[in-house]
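Visitor: Sequence and predicted model, in that order:
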Amino acid sequence: MTEQNQPDSEAPERGSFSVRQGGITVASGSGPYEDIRREAAHYAAVYGQDGPVQVRVRKLKPKR
């Protein structure tokens with residue numbers, strides 16, 4: 001079982017994110033999809049104070 005009390009076959013979906021500002025990646029990461037969505041929103045709010053940001057969040061395909 002995983003840490004979230006789910007059987008291994010039902011592991012949480014994984015994802016990745018990147019936050020760009022002025023054409024430069026200022027934050028990125030990967031992990032459980034729901035966590036990544038929160039992290040992306042957090043970094044967008046932090047860096048957004050300095051100017052416009054572009055945020056990309058993706059679900060990753062499971063490894064076989």
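Guide: Perfect, thanks for sending it.

Visitor: For stretch 26-34, buried residues please.
Guide: With burial defined by 16 or more other CB atoms under 10 Å, the residues of stretch 26-34 counted as buried are A27, P32, Y33. Placement of C-beta: from N, CA and C, glycine included.

Visitor: can you tell me how far the first one sits from R14?
Guide: A27 sits 18 Å away from R14, taking CB to CB, to the nearest Å as the criterion.

Visitor: A helix includes S28, no?
Guide: No: using DSSP: H, G, I helix; E, B strand; the rest coil, the assignment for S28 is strand, not a helix.

Visitor: Output the below-cut-off pLDDT ranges for this protein.
Guide: The chain contains residues with pLDDT under 70 at 1-9.

Visitor: switch to 90 and redo it
Guide: 1-12, 61-64 (pLDDT under 90).

Visitor: Would you mind measuring from the residue positioned nearest the centre of it to L60?
Guide: With the centre of the chain defined as its mean C-alpha position, the nearest residue by CA atoms, centre = their mean is I36, 2.7 Å away. Noted for I36: a distance of 9 Å to L60, by CB to CB.

Visitor: Just give me how far stretch 20-35 sits from the chain centre.
Guide: In terms of CA atoms, centre = their mean, to the nearest Å, the centre of stretch 20-35 is found 6 Å from the chain centre.

Visitor: can you tell me the distance between the two ends of it?
Guide: 19 Å (CA to CA, to the nearest Å).

Visitor: Can you show me the helices along this protein?
Guide: Here the chain has its helices, by DSSP state H, at 33-48.

Visitor: coming back round to it: residues shared between the contacts of I36 and L60?
Guide: Common contact partners of I36 and L60 (CB atoms under 8 Å, 6 or more residues apart in numbering): R14, G15, S16, S30.

Visitor: Highest neighbour count among these?
Guide: Highest neighbour count within the shared contacts of I36 and L60, by other CB atoms under 10 Å: G15, with 20 neighbours.

Visitor: That one and E39 touch, don't they?
Guide: No: the pair G15 / E39 is not scored as a contact, 9.8 Å apart, by CB atoms under 8 Å.
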